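*Asks:* Fold the following and give me the result.
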Amino acid sequence: MSNEAATAIPAAEAVPAPEPLPHGLGASLPHADARAKTEGTFPYAADLWAEGLLWAAVLRSPHAHARIVSIDTSHAREMPGVRAVITHEDVPGTPRHGRGTPDRPVFASEVVRHHGEPIAAVAADHPDTARMAAAAVIVEYEILDPVTDPEQSFEAEPLHPDGNLIRHIPLRHGDPEAAGEIVVEGLYRIGRQDPAPIGAEAGLAVPRPDGGVELYLASTDPHTDRNTAAACYGLPADRVKIVVTGVPGATADREDQGFQLPLGLLALKTGCPVKLAANREESFLGHTHRHPTLLRYRHHADAEGKLVKVEAQILLDAGPYADTSADALAAAVSFACGPYVVPNAFIEGWAVRTNNPPSGHVRGEGAMQVCAAYEAQMDKLARKLDLDPADLRLRNALATGDVLPIGQTVTCPAPVAELLEAVRDFPLPTLPKDTPEEDWLLPGGPEGAGEPGAVRRGVGYGLGMVHMLGGEGADEVSTATVKVHDGVATVLCAAVESGQGFTTLARQIVQETLGVDEVHVAPVDTDQPTAGPGCRGRHTWVSGGAVERAAKMVRTQLLQPLAHKFGMSTELLQITDGKITSYDGVLSTTVAEALEGKELWATAQCRPHPTEPLDGAGQGDAFVGLAFCAIRAVVDVDVELGAVRVVELAVAQDVGRVLNPAQLRARIEGGVTQGVGIALTENLRTARGLIRHPDLTGYALPTSLDAPDIRIVKLVEERDVVAPFGAKSAGAVPVVTAPAAIASAVRAATGRPVNRLPIRPQAAVVTSL
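*Replies:* Take a look at the predicted model:
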């Protein structure tokens, strides 16, 4: 080949090195299961199968309140393919269960107290046979008048042997005689939000040779569910095992124990695997919902707008059973004044039983309801004082060192004013153009009947707060084990990945601490030590803290031989980018070389500082930590039709420390969007205690078309020194804050009081334009 020909061939271009994968804390490490979930290959409980599988169905009460005269299962038992029919008579152990208080029967025996209460369950060889057999169980009822108004519950006949009052909290703080020059009052109602998980409840129960049973469930609190199941089945806890499957959405408790317990009973009775996959109607009827709440408020302020006193009455509708209503009430009463300095506060809170659908834990419980009310009061004060609503809030903003109405001093970072200033100063969105091409910007959408001339724009604010972890003396503990073998790390921790990103966080912690790239998180089951429920940022704080401590113990094991060899302390060695180096550069080796041929492991626990129950005056250091959020909402309202379009939500949030930027953004955006549903569409409607439309046609969830532009304008990273990594929970506080901000913006656009959520069209109509 000639030189000319040789030079005519272009040299091969250098292939650029691949971008390194995100690594360690602070990086946007993707979910390990993201691809499988995207492609639809990730296994959920509804996908499970076993040899000899039977199918379960549950018969539920069609009445909200009735006395059971008789139950006849003979017709169902005689149907071909039916293997078992069980009622309350077939529960060998404790016949009651409940997350907070065990006051809920596995199967109703004498009285049904809510629409959809379980009465019997069937196992058959085909799902259709199981459903037909359940329908063939004949129940004779004596229908009773339901108690559906929580205010009537105080005087009504007891709905439960424990009485109608679940908890009463009287909060007394400051001078009862204090009064302000300016007084505003309001009555507010918050509707019943359903958690509406993407995947309905499902599970598989498999009997064991030792007479026990294994339950494959999407539980978010597997050890508590295991203990409840064992008590119900009359078995020791070590003969009941829960294996956690994929969790298809969990903004509340999963799975409801009323779904779990019949599964194991049927498996034990038949000796066969039994599967239950609820349809959407059964899901609506069976699980708990957000507490509908009635709130009465009176705010006192001086002529400058400084708050003097807050008086409030808060009434939570618990439905017929206690569940977590005591905890929800504690949050509602404790945060009834919001993130504001209030020298005098007198709050009465009650949680009572009714025959409405059962209420329980839903993200931001208690705090969300009072936020909508106290922010409405702040808007009223601003209007009466002729002050800018944001300025009024700034004059009263809570800060670190201030005292909450429960008497607890705020010791964590509380940048409330900084958050509010950030959203206030963020540029407002441009106004839509009044042209046909821009019709889609109108409230009601492109096919709406609205006229541009009837659209009013409003800007409103919301400040919210939530507590992290459990409160009032709850023992918050988690255990984790970290193992390293052949350069691969494995984390064992019973913290359930429910979408909050714990498995990703655990991988990041181990990467950061040990310099190991490949980290796996083992599946969760109850053979592992407990990690507690997955709510209120627990697993970021407690389980993440346990993983960090275990990883640091392994790190010490790794570094000790090297430190001893070079005659230095392990504190003088550091792990960075997969390399181990000493402070003076004498030692330099890779983590892979140091781990060669070794198997290291350690187990650790994390338990935050203790809290205490509220006393008889509603006082006490009840919470480990607090998180805050500010949201500015911009809405367009068609004041003739009452249609509302949320244009933009600007969010500033107190996050402590950003551990995974992409994951944090997703948590905030998801919480804000859930808040849009609370504000505008979501309300599980009932008539005399009966759910009117238990499906996703009658229950209006916000869709992508309803989601506004969400602008995360500021994340305040002021680390909480008592929290592992200094991070705070992220998902709940925007849920709490967004509905209040949207309602505030609708008030600004219409001049209407807007005292009910979700906002009904008639509340946004202006009759005289």
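*Asks:* Which residues are in contact with residue 574?
*Replies:* By CB atoms under 8 Å, 6 or more residues apart in numbering, the residues touching residue 574 are 580-583. C-beta: built from backbone N, CA, C; applies to glycine.
*Asks:* Distance check, the closest residue to residue 149 other than its chain neighbours against residue 327.
*Replies:* Leaving out its chain neighbours, the residue that sits closest to residue 149 by CB to CB, 6 or more residues apart in numbering is residue 354, at 7.3 Å. Residue 354 sits 18 Å away from residue 327, going by CB to CB, to the nearest Å.
*Asks:* Residue 364: what secondary structure?
*Replies:* Under DSSP: H, G, I helix; E, B strand; the rest coil, residue 364 falls in the coil class.
*Asks:* pLDDT wise, what is it at?
*Replies:* In this model, residue 364 is scored at 92, pLDDT.
*Asks:* Work out which residue lies at the spatial centre of the chain.
*Replies:* Centroid check for the chain by CA atoms, centre = their mean gives residue 363 as the closest residue, at 3.1 Å.
*Asks:* any idea how far that residue lies from residue 729?
*Replies:* Taken as CB to CB, the span from residue 363 to residue 729 is 10 Å.
*Asks:* can you check residue 477 too?
*Replies:* Using CB to CB, one gets 17 Å for the distance from residue 477 to residue 729.
*Asks:* try residue 486
*Replies:* Residue 486 sits 35 Å away from residue 729, going by CB to CB.
*Asks:* hang on, the earlier thing: who's more crowded, residue 354 and residue 327?
*Replies:* Between residue 354 and residue 327, counted using other CB atoms under 10 Å, the more crowded position is residue 354 (28 against 24).
*Asks:* Now do the same contact list for that one.
*Replies:* Counting by CB under 8 Å, 6+ apart, residue 354 touches 146-150, 153, 159, 317-320, 689.
*Asks:* Out of these, which end up buried?
*Replies:* Buried subset of the contacts of residue 354 (neighbour count, 16 or more other CB atoms under 10 Å): 146-148, 150, 153, 159, 317-320, 689.
*Asks:* wait, residue 707 sits on residue 676?
*Replies:* Yes - between residue 707 and residue 676 there is a contact at 6.8 Å, judged by CB atoms under 8 Å.
*Asks:* The two - which one has more neighbours?
*Replies:* residue 676 (24 against 15).
*Asks:* Now for residue 327: which residues touch it?
*Replies:* By CB under 8 Å, 6+ apart, the contact set of residue 327 is 100, 361, 365-366, 470-472.
*Asks:* mind putting those residues in TSV, neighbour count and secondary structure included?
*Replies:* Listed next are the contacts of residue 327 as TSV, based on neighbours: other CB atoms under 10 Å; DSSP: H, G, I helix; E, B strand; the rest coil:
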residue	neighbour count	secondary structure
100	18	coil
361	26	coil
365	30	coil
366	31	coil
470	22	coil
471	23	coil
472	18	coil
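*Asks:* buried ones in stretch 647-663?
*Replies:* Neighbour-count burial for stretch 647-663, with 16+ other CB under 10 Å as criterion, is recorded at 647-660, 663.
*Asks:* wait, what's in contact with residue 675?
*Replies:* Contact analysis of residue 675 by CB under 8 Å, 6+ apart lists 734-739, 742.
*Asks:* repeat that for 7 Å
*Replies:* Contact analysis of residue 675 by CB atoms under 7 Å, 6 or more residues apart in numbering lists 734-735, 737-739.
*Asks:* just residue 732 next, same as before
*Replies:* By CB under 7 Å, 6+ apart, residue 732 lies in contact with 363-364, 466, 536, 671.
*Asks:* Check residue 277 too.
*Replies:* Applying CB under 7 Å, 6+ apart, the residues contacting residue 277 are 46, 202.
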